[in-house]
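**Student:** how would this look folded up:
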Amino acid sequence: MCMVTVVTIDHTLTERGLSLVNGKTTDMAESVLRVPLHYYRDPKITEIEESSILRRTPLAIVPSAQIPNCHDYVVRSVLGDSLLVTRDASGRAHVFLNYCRHRGAMPACGSGNSRRFVCPYHAWNYDTAGKLVRVPGSAGFAGVDHDSYGLVELPNEERFGFVWAVLTAGVDIDLDAHLGDFAPELEQWNYAAFGYHDQREFESETSWKGALEAFAEGYHFPFVHGQSVIGQNTVANTHVYDEWGRHHRIGFPFNNITDLNESPGEDWDPVLRMGVIYWIYPNLILANSPVGVEIIDILPAGEPTRCSVRHSWMARYPATDDAQRAFYDQIYDQVHAAVRDEDFVMLPQCGEGVRHGQHDHMLIGRNEIGVQHMIRVLAGELGVALD
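**Tutor:** Numbers count the residues shown, from 1 in each chain. Take a look at the predicted model:
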């Protein structure tokens, strides 16, 4: 039986979008913004981003739907750390550093379902709750308390359809403080009921901040996405904008929104009339469509103008047969191609301009209000002065 996912976004979002399309305008910032080039390319700023922001802020590590069953697990790399995400026998999710407490090798790899993780070096065994359960040749470790040598667990919490973690052991995680008033907006999507489908990862020669900005404006749609579904089905340079502290939402109207001018009795559901895109500070994009959600997780990759991208997709209605899975394959292939072969073909050119540009600032337009918000939030955290 198919699980029904109910989304109840306020239909005034559609009304606002239609008004903007009819008026041939968009929500705008008060003024243009000048951003110093070193905001994107200074190695010292990159170090501060990682130590003070990315390792101190709750990050959505994996969707809950990726580990739906007891003893499911997945390993992923985040900022160079190997993380083991599990669901234990009681159903509780965990995020561990995937390093054996003996000599540091990695007990787990890939994903699947397993009750035990065995270190490949000396076969120390851990369970899905991170407990050390077997030490071969235990006489050599007589007197060692096994309970003190489980996998190191990062502060984590499972809510809103994601497993969140702070990448610093021993600190607190406060998801309520992190999300604030944005939490109800996220909760209404019921992402925990979605079906996890696929993911791909790659790196790109561009700043992680610049890469995130590509998902905060529709100004580029006809030029970068002109030959794909995004450019052909979405109204260019038009968006409805809202923010909640450090997070924001952008509604990009589909061309079909103008059908409501002639037939106001049609469905005003925003999910059917626009792409609803969220930025969850600091590094996550959720791009919602009528059939599912793209999860775009972008982080720095060792250099100011190099980033890692993890692009995954969940279906609003989990697949129940091969035909539905094949249909979702087609959808994911299309949206991934738009990200990989359109956005991330253009973005390395921006990275080149940042690395070698001899101008002193970037100019962000009033029509790029979401980009401005990203920059103002992160620059404020980093102490970078803006004009």
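**Student:** Helix or strand for Arg56, just tell me which one.
**Tutor:** When elements are defined using DSSP states H and E, Arg56 is found to belong to no helix and no strand.
**Student:** do the same with the one 4 residues further on
**Tutor:** Element membership for Ala60, per DSSP H and E: strand 59-63.
**Student:** Report the rounded mean pLDDT for that strand.
**Tutor:** The average pLDDT within strand 59-63 is 98.
**Student:** what about Ala337, distance to Glu294?
**Tutor:** Using Cβ to Cβ, to the nearest Å, one obtains 12 Å as the distance from Ala337 to Glu294. All C-beta atoms are positioned from the backbone trio N, CA, C, and that covers glycine.
**Student:** next one: Val309
**Tutor:** 11 Å.
**Student:** what's the answer for Arg101, then?
**Tutor:** Relative to Glu294, Arg101 is positioned 37 Å away (criterion: Cβ to Cβ).
**Student:** May I have the residues that are in contact with Val354?
**Tutor:** Shown in contact with Val354 (Cβ atoms under 8 Å, 6 or more residues apart in numbering): 37, 40-41, 206-207, 210, 305.
**Student:** Tabulate the residues you listed (a markdown table), appending neighbour count and pLDDT.
**Tutor:** A markdown table is the format used below for these (neighbours: other Cβ atoms under 10 Å; pLDDT from 0 to 100):
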| residue | neighbour count | pLDDT |
| --- | --- | --- |
| Leu37 | 16 | 96 |
| Tyr40 | 25 | 97 |
| Arg41 | 19 | 97 |
| Thr206 | 29 | 97 |
| Ser207 | 25 | 97 |
| Gly210 | 24 | 97 |
| Thr305 | 24 | 97 |
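**Student:** returning to what we had before: so which of Arg101 and Glu294 has more stuff around it?
**Tutor:** Per other Cβ atoms under 10 Å, whichever of Arg101 and Glu294 has more neighbours is Glu294, with 22 against 18.
**Student:** Can you list phi and psi of the more buried one for me?
**Tutor:** When read as degrees, to the nearest 10, the backbone of Glu294 gives phi -90, psi 140.
**Student:** nearest spatial neighbour of it, skipping sequence neighbours?
**Tutor:** Among residues not flanking Glu294 along the chain, Ala287 sits closest, at 4.0 Å (Cβ to Cβ, 6 or more residues apart in numbering).
**Student:** What count of nearby residues applies to that neighbour?
**Tutor:** As a burial measure, the neighbour count of Ala287 was computed by other Cβ under 10 Å and equals 21.
**Student:** how much space between it and Gly130?
**Tutor:** Distance of Ala287 to Gly130, computed by Cβ to Cβ: 33 Å.
**Student:** same check, this time on Ile173
**Tutor:** In this view, Ile173 and Gly130 are 16 Å apart by Cβ to Cβ.
**Student:** again with Phe117
**Tutor:** As it turns out, when the distance is counted by Cβ to Cβ, Phe117 lies 9 Å from Gly130.
**Student:** Who has more neighbours out of the two?
**Tutor:** Here Phe117 and Gly130 are set side by side on neighbour count (other Cβ under 10 Å), and the busier one is Phe117, at 24 against 19.
**Student:** Which residues does the more buried one form beta bridges with?
**Tutor:** Per DSSP bridges, the residues bridged to Phe117 are Tyr126.
**Student:** which residues does it contact?
**Tutor:** Residues 73, 84, 107-108, 125-128 are the ones in contact with Phe117 under the rule Cβ under 8 Å, 6+ apart.
**Student:** residue ranges of the strands in the stretch 251-387 of the chain, please?
**Tutor:** The residue ranges that make up the strands of the stretch 251-387 of the chain, judged by DSSP state E, counting those that start in this stretch, are 274-280, 284-288, 292-300, 307-315, 361-364.
**Student:** Thanks a lot, see you next time.
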